[in-house]
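[1] Build me a model from this:
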Amino acid sequence: MRSGFFLGILSLTQLLIGLVARTIYAGIFGTSREMDVFLLVMGVVTWFTGVVAVAANKALVPSFVEVRERFGEQNAWRMASTVINGLWLICLIFIVLGWVLANKVAVVLGAGLEPEARLLFAKLFRIAVPITAFNLIVSIFTAILFSYNDFVLPQALRLIGLITTIGSVVIFSSYIGIYSMAVGMLLDGIITCGVLTLRIHWKGFSYSPFCLNWNDKEVFRFIRVTLPLMGAAFFSRAQELVDRFFASFLTVGSISFLNYAYLLIHVPMTILTTAMQVVFPKFSRLAAYKKRVELRQDVESSLSFAVFMVIPAFVGLLCLAKPAIVTLFQHGKFNIISTENTWAALPFYFGPLIVGVPSGILALALYSLKETRIILWIGIWTFISNIIFNLIFIQWLDYIGIALSTSVVYLINAFLLIVALRRKIGDLNWGRILFSLFKTLISSLSMAVVVLVVAK
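    Okay, here's the model as predicted:
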């Protein structure tokens, strides 16, 4: 109970400090081309880190706990040590290749950038490669500590990491510009990885830095379970990078406009998605006992609750979006033009919040049924759809078309998840869910009218 309280406080503090950080970055770098380049490079970091994080949370931890309970602590850590050390080896290769091939990567991913911007991309990419490597290891260590109910330290380190990056930007941005953000993130990765490694040794865990037992059947089983998960995450997480790639061909600042607009959507989305994660253990338990009727009823209840939360959140956000952008970001190099362009994109990001949170519940139900291959195929189709709709919409809407494409892809993803889940647990009671949607929409629109009248 005490850990949960501290974890909640740390999560809320991290969210607030994150907003403060974005406010500082907006004032110093605005929506400049260098900010566009930085976000494009960081899209690579987010992509690779997200893939491994999904594998860690959805595959390594369950496998680790199962081996620990069945065969003891030592065997569990032998398996985990092989996975961690194998990942270190992959990271080392990744770092070397990243440094050597940075210019070629800049030509491919920075195809829409000017020559000077590509040169900046290559330099930032050489810093981003070790950041990615440290983040990958941190995600594995964090997931394993979570399996021991050790939640507070990893969350506290995230907060310290934010403060480290803010400090780097405030102190060094006047000397090295946008590189100060990359340096701060690199320091964050080194500190976090080092502290978590010490934490593992201090708790007496049996991590062996030289263990590489690829013949272990539990390691082989982990890899077999992980590959579909990593494949699905590979395509779903790549969509943000694809969006930034297309935006790099458009108006200077397009990547930044979309980033700040999505940030405002991401805040309530993160809160609601985190809150809905509590249903996963119950879904898994019902799936394990093959109680499909009860599972379907729980999915329906969770969807109704999600609808009840996301509609007012989105409507309220639309009403307060422009004042929020002005208050949070409009200072320094983030001028009124940046505000107008960011505000123009925000309504078209309705999909991640309105559809994304309920879709997360449907995905959790499929995960509880261990239908990872279905998740993989849905990820592939949505990835392809995102490319197609980006190509179509940017012809008429410029960078706003990318926001619209994202929302359409979320709708497609939700439809595919519904079809897949229907085959496993039967039809959901859509009358109940749609009635909840109707009531919530009426209430939310009434709220919007009151807010707009008061604002005038």
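[2] could you point out where the stretch 101-250 of the chain is predicted with low confidence?
    203-216 (pLDDT under 70).
[3] That one: helices as residue ranges?
    Remark: helices assigned in the stretch 101-250 of the chain by DSSP state H, counting those that start in this stretch are 102-109, 115-147, 152-176, 179-202, 217-247.
[4] To Arg78, which of the ones you listed lies closest?
    helix 217-247 (8.3 Å; Cβ to Cβ). C-beta coordinates here come from the backbone N, C-alpha and C atoms, glycine included.
[5] so after the closest one, what's the next helix or strand?
    Counting by DSSP states H and E, the next helix or strand C-terminal to helix 217-247 is helix 254-276.
[6] what's that following helix packed up against?
    Under the contact criterion of 3 or more Cβ pairs under 8 Å, 6 or more residues apart in numbering; DSSP states H and E, helix 254-276 touches helix 2-29, helix 33-55, helix 217-247, helix 292-328, helix 336-345, helix 356-368, helix 400-425.
[7] give me that answer again for 6 Å
    helix 33-55, helix 217-247, helix 336-345, helix 356-368 (3 or more Cβ pairs under 6 Å, 6 or more residues apart in numbering; DSSP states H and E).
[8] So which residue is dead centre in the protein?
    With distances taken as Cα atoms, centre = their mean, Gly50 lies nearest the centre of the chain, 6.4 Å away.
[9] sorry, back to before: now tabulate the helices and strands packed on helix 254-276 in JSON lines and tack on distance to Thr406.
    Output for these, formatted as JSON lines (distance: least, Cβ to Cβ, whole Å):
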{"stretch": "helix 33-55", "distance to Thr406": "14"}
{"stretch": "helix 217-247", "distance to Thr406": "7"}
{"stretch": "helix 336-345", "distance to Thr406": "10"}
{"stretch": "helix 356-368", "distance to Thr406": "10"}
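[10] circling back: ok, the residue nearest to the centre of the chain - contacts?
    Ala233, Arg237 (Cβ atoms under 6 Å, 6 or more residues apart in numbering).
[11] Quick check, pLDDT for it.
    The model reports Gly50 with a pLDDT of 77.
[12] Against Glu240, how distant is it?
    9 Å (Cβ to Cβ, to the nearest Å).
[13] Take the helices of the stretch 101-250 of the chain and write them to CSV, including distance to Pro323.
    CSV is the format used below for the helices of the stretch 101-250 of the chain (distance: least, Cβ to Cβ, whole Å):
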stretch, distance to Pro323
helix 102-109, 35
helix 115-147, 32
helix 152-176, 24
helix 179-202, 27
helix 217-247, 25
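[14] looking at these, which is closest to Ile433?
    That would be helix 217-247 among the helices of the stretch 101-250 of the chain, by Cβ to Cβ, at 23.8 Å.
[15] the inter-axis angle of the closest one versus helix 254-276?
    Inter-element angle recorded for helix 217-247 and helix 254-276: 140 degrees (by axes from the mean of the first three to the mean of the last three Cα atoms, to 10 degrees).
[16] how distant is helix 217-247 from the center of its chain?
    12 Å (Cα atoms, centre = their mean, to the nearest Å).
[17] ok, now stretch 162-170?
    Going by Cα atoms, centre = their mean, where stretch 162-170 is centred and where its chain is centred differ by 21 Å.
[18] buried set for that stretch?
    Neighbour-count burial for stretch 162-170 flags Leu162, Thr164, Thr165, Ile166, Ser168, Val169 (criterion: 16 or more other Cβ atoms under 10 Å).
[19] of the residues you listed, closest to Pro115?
    Among the buried residues of stretch 162-170, Val169 lies closest to Pro115 (Cβ to Cβ), at 26.1 Å.
[20] any idea how far that closest one is from Ser32?
    Taking Cβ to Cβ as the measure, Val169 falls 14 Å from Ser32.
[21] how near is the closest residue to Leu196 other than its chain neighbours to Asn135?
    Spatial nearest neighbour of Leu196, chain neighbours left out: Phe141 (4.1 Å); criterion: Cβ to Cβ, 6 or more residues apart in numbering. Using Cβ to Cβ, one gets 11 Å for the distance from Phe141 to Asn135.
[22] again with Ala321
    Counting by Cβ to Cβ, the gap from Ala321 to Asn135 is 31 Å.
[23] Neighbour count: these two, which is higher?
    Taking other Cβ atoms under 10 Å, Ala321 and Asn135 do not tie; Asn135 has more neighbours (24 against 17).
[24] if we can go back for a sec, the buried residues of stretch 162-170 into CSV, with extra columns for distance to Arg285?
    Output for those, formatted as CSV (distance: Cβ to Cβ, whole Å):
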residue, distance to Arg285
Leu162, 35
Thr164, 39
Thr165, 39
Ile166, 41
Ser168, 44
Val169, 45
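[25] Any idea how many residues pack against Lys291?
    14.
[26] pLDDT score for it?
    80.
[27] do Ala345 as well
    pLDDT, Ala345: 93.
[28] I'd assumed Tyr260 was in contact with it.
    No: Ala345 is beyond contact range of Tyr260, at 8.5 Å (criterion: Cβ atoms under 6 Å).
[29] Other residues contacting stretch 322-331?
    For stretch 322-331, contacts defined as Cβ under 6 Å, 6+ apart pick out Thr23, Ala26, Gly27, Thr339, Thr342, Trp343.
[30] Please put the alpha-carbon coordinates of that stretch into CSV.
    The C-alpha trace of stretch 322-331 is given here as CSV (Å, rounded to 0.1, in the frame of the first residue of the first chain):
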residue,chain,number,x,y,z
LYS,A,322,-5.5,27.1,-27.3
PRO,A,323,-5.2,28.7,-23.9
ALA,A,324,-3.2,25.7,-22.8
ILE,A,325,-0.8,26.0,-25.7
VAL,A,326,-0.4,29.8,-25.0
THR,A,327,0.2,29.2,-21.3
LEU,A,328,2.5,26.2,-21.6
PHE,A,329,4.5,26.9,-24.7
GLN,A,330,4.1,30.4,-26.1
HIS,A,331,7.3,32.2,-25.0
